[in-house]
Structures are given as structure tokens and as C-alpha cells.
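Peer 1: Take this sequence and fold it.
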Amino acid sequence: MMEEIEFILDSTKESMNGSIAHLEKEFLNIRAGKATPQMLGGVFVDYYGSQTPLSQVANVNVPDARTITVTPWEKSMLHPIEKAIMIANLGFNPMNNGDNIIISVPPLTEERRRDLVKQAKAEAEDAKIGIRNARKDANTDIKKLEKDGTSEDVCKKAEEDVQKLTDAYIKKIEEHLVIKEAEIMKV
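Peer 2: Okay, the predicted model is just below:
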């Protein structure tokens, strides 16, 4: 029975780590002022009829804190890449110089910063929901074990452990959010 409880706790921890990892990945897509290649991570280009990530059809570089350059591997991809960046609605205005696409990253306005903080808070809330769902699944599994004959004390202890995990991971999410908020609001 203890192995089953350990398994439940381990899989819960794994699921909660997944929520944190997803949050970190989403936070990378929320820009905080300086240019990074990850800003274009969600851009998909129509490459011979299939939607392909930008990173698979072009080289994305950041020559300085305010500029992103996109160099397609095939010249014919310049216009589809430019169009995909516009469609992605990232607030960028790409310029095509015949060889590369140059994106000048504008400084964030106060209003835009507030919008990005709201977006970060929404992502953090989604991560918390993922944590709570992992807790619910774990508690359901523990209840099944209790029905199958595991002692009530062992199950109560396991539920307390799951709650401690939940609290710890929610605290991690809060810490990530505070850091991201400070990063966004820093001028």
C-alpha cells in the first residue's frame, strides 16, 4: 500500500512540475522590454502548405536589445515569414530589406505593460488550476485506496502530503509571477 501512495505522490509531483514548466515557457513568450528570439516562438509560417514553426524555416537573431533579425533559409520564404509575423499580432512591424526581415522592438508603454502583467497573472492562474487539478486527481486516487482497504490514518497522512505539495507549488507560482511582474514593469 505504501508503494501505491508513494507512486501517487510522485505522479502528483511530476504533474505539478509540468504546470510550473508550462508557466515558465508561457512567461518566456511575454516580452519584458528587450528583444529575445523566444518572442517569435509562437509564429508559424505556411511552408509549402503546412504550418511550420518559424525557427524551422529561418534563423532568428538578436543583434541588440531592440532589434530582431530573421534570415530565411530560402529567399522565397521572405514574404510568407513577414506575413506570419503580422498575423501573429505581436505588436511588431516587420521590415523586409530583400535579404532579412528586421523587427524593431518598440519600448513598452505603461498601458501595454499593464496588459502584459494581466496576461502574466492569467497564465499564473492557469498554472494554479493545473496544480489544483493534480491535487484533485491525487486525492481521488487516495480515496480509492481507502475504499480498497488502506487504513484511514495512512490515507489522511497522504492527503496532508498532497496538500503540502499543493501549497509549495502554488507558492512557487506566486514567486515566478512576482519576478515576471517586476521584469515587465521595469522601465
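Peer 1: buried residues in the helix or strand where residue 117 lies?
Peer 2: Taking DSSP states H and E as the criterion, residue 117 maps to helix 110-147. In terms of neighbour count (16 or more other C-beta atoms under 10 Å), helix 110-147 has its buried residues at 113, 116-117, 119-120, 123-124, 127-128, 130-131, 134-135, 138-139, 141-142, 145-146. The way it works is simple: take the backbone N, C-alpha and C, and place the C-beta from them, glycine included.
Peer 1: quick one: what helix or strand has the spatially most central residue of the chain in it?
Peer 2: Geometric centre of the chain, nearest residue: residue 26, 1.9 Å, by C-alpha atoms, centre = their mean. According to DSSP H and E, residue 26 maps onto helix 2-29.
Peer 1: same thing with residue 92?
Peer 2: Going by DSSP H and E, residue 92 is not in any helix or strand.
Peer 1: mind checking how far the residue located most distally from the centre of the chain is from residue 72?
Peer 2: Each residue of the chain has a distance to the centre, and by C-alpha atoms, centre = their mean the biggest one is for residue 149: 40.6 Å. Remark: distance between residue 149 and residue 72 (C-beta to C-beta, to the nearest Å) = 63 Å.
Peer 1: now residue 134
Peer 2: Note on residue 134: its distance to residue 72, by C-beta to C-beta, is 41 Å.
Peer 1: Tell me which residues touch the residue nearest to residue 58 when sequence neighbours are not counted, please.
Peer 2: With sequence-adjacent residues excluded and distances taken as C-beta to C-beta, 6 or more residues apart in numbering, residue 58 is closest to residue 72, at 4.3 Å. Residues in contact with residue 72, defined by C-beta atoms under 8 Å, 6 or more residues apart in numbering, are 57, 58, 78, 81, 101.
Peer 1: what's the answer for residue 29, then?
Peer 2: By C-beta under 8 Å, 6+ apart, residue 29 lies in contact with 38, 39, 41, 42.
Peer 1: Let's see that with 7 Å instead.
Peer 2: Residue 29 makes contact with 38, 41, 42 under the criterion C-beta atoms under 7 Å, 6 or more residues apart in numbering.
Peer 1: could these be laid out in TSV, adding secondary structure, neighbour count and pLDDT?
Peer 2: Shown next, in TSV, are those (DSSP: H, G, I helix; E, B strand; the rest coil; neighbours: other C-beta atoms under 10 Å; pLDDT from 0 to 100):
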residue	secondary structure	neighbour count	pLDDT
38	helix	16	80
41	coil	15	80
42	coil	12	81
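Peer 1: Pick the one among those residues closest to residue 53.
Peer 2: Nearest to residue 53 among the contacts of residue 29 is residue 41, at 7.7 Å by C-beta to C-beta.
Peer 1: Name the nearest residue to the closest one, sequence neighbours excluded.
Peer 2: In space, residue 41 is closest to residue 29, 5.9 Å off (C-beta to C-beta, 6+ apart).
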